[in-house]
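**Student:** Provided below for reference: sequence and predicted model.
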Amino acid sequence: AEINDKSTGSVTEISPQNDLKLLHEDTTNETEEKELMDEENKIDENITSAEINDKSIGSVTETPSTNLESEPDEEVVTETSEEKLVDSKETEEVEEDKYNEEQNDERDVVNDEKESLIFNMKNLGGWLLKGCEDQWKNDKNVVLASVSNHGKALEYASISLQGDKEVVMAALMSDPQAYEFVAEDLKSDPDVFQAFIGGERVEEEEEEELSSSSSLSSLLLSSSELLWLSLSSSSLSMV
């Protein structure tokens, strides 16, 4: 103001009101500067928080890479499970082979026993069927060997085989009296009945032949006795 007054060639006095106005302007300027500084600080804080968020987002986006790195572990787990499956299959195969071998051994034992029974039935007597276990009394081959040798052994055969025509015919051919042990529904079969009747007739004829031969032998014996008596009596008379 003094310079301006000097330039104008006059000096003006500064009033107290002008001082207050200037002070107010300075205070306002300081307030505005503080506000600007606060705004700048806020902007800096926002920028810093944004950078922190970006870093956190970056760490999250890096997670897939860690998952990719963990994939080999999953492959190892898969390989291990496959190996376990292979081992379990091999174990099952071994157990199955062992079971089959045991079954084959049991079959061999059963077959040997069966062959032995059939041999004994044919050579020692079909009546041995009486003391056999039920499984053999229901075995057609064993029963056939038995009744072919001893017809009445049909009595000890299972009910199902007593109704088997082949077994029944073999028994009747061996002994017609086995007819009484034939299943009821099979007794009316023409072939079975004919085998029974035919067998009975054969037996009767055999009995007749035996009786006739025995009577003939008795007659011959009596005639020889009579001749001996006559000769002995004649010799005595001569004496």
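**Tutor:** All right, it came through fine. Numbering: from 1, shown residues only.
**Student:** can you pull out the helices in the protein?
**Tutor:** Here the chain has its helices, by DSSP state H, at 2-8, 16-61, 63-123, 134-137, 140-149, 159-162, 165-174, 184-187, 190-238.
**Student:** Now do the fifth one against helix 165-174, angle only.
**Tutor:** Pointing back at helix 140-149 there. Angle of helix 140-149 versus helix 165-174, following axes from the mean of the first three to the mean of the last three Cα atoms, to 10 degrees, is 20 degrees.
**Student:** helices or strands up against helix 140-149?
**Tutor:** Applying 3 or more Cβ pairs under 8 Å, 6 or more residues apart in numbering; DSSP states H and E, one finds that helix 140-149 contacts helix 63-123, helix 165-174. Every C-beta, even on glycine, is put in place using the N, C-alpha and C of the backbone.
**Student:** ok, now how distant is Val143 from Phe181?
**Tutor:** Val143 sits 12 Å away from Phe181, going by Cβ to Cβ, to the nearest Å.
**Student:** okay, those two: which has more neighbours?
**Tutor:** Per other Cβ atoms under 10 Å, whichever of Val143 and Phe181 has more neighbours is Val143, with 28 against 17.
**Student:** Make sure the more buried one is actually in contact with Cys132.
**Tutor:** No: at 9.3 Å, Val143 does not count as touching Cys132 under the criterion of Cβ atoms under 8 Å.
**Student:** which other residues reach stretch 132-139?
**Tutor:** With contacts defined as Cβ atoms under 8 Å, 6 or more residues apart in numbering, stretch 132-139 is touched by Lys114, Leu117, Leu129, Val142, Val143, Tyr156, Ala157, Ser158, Ser160, Leu161.
**Student:** and which of these is nearest to Pro190?
**Tutor:** Nearest to Pro190 out of these is Leu161 (Cβ to Cβ; 20.5 Å).
**Student:** List the residues that contact the closest one.
**Tutor:** Leu161 makes contacts with Lys137, Asn138, Lys140, Val143, Val167, as judged by Cβ under 8 Å, 6+ apart.
**Student:** swap in Ala195?
**Tutor:** Residues in contact with Ala195 (Cβ under 8 Å, 6+ apart) are Met169, Leu172, Met173, Pro176.
**Student:** Run a quick neighbour tally on Asp175.
**Tutor:** For Asp175, the count of nearby residues is 18 (other Cβ under 10 Å).
**Student:** Pipe the contacts of Ala195 into CSV and attach neighbour count, distance to Glu35 and pLDDT per row.
**Tutor:** Listed next are these as CSV, based on neighbours: other Cβ atoms under 10 Å; distance: Cβ to Cβ, whole Å; pLDDT from 0 to 100:
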residue, neighbour count, distance to Glu35, pLDDT
Met169, 18, 128, 96
Leu172, 26, 132, 95
Met173, 15, 133, 94
Pro176, 19, 137, 94
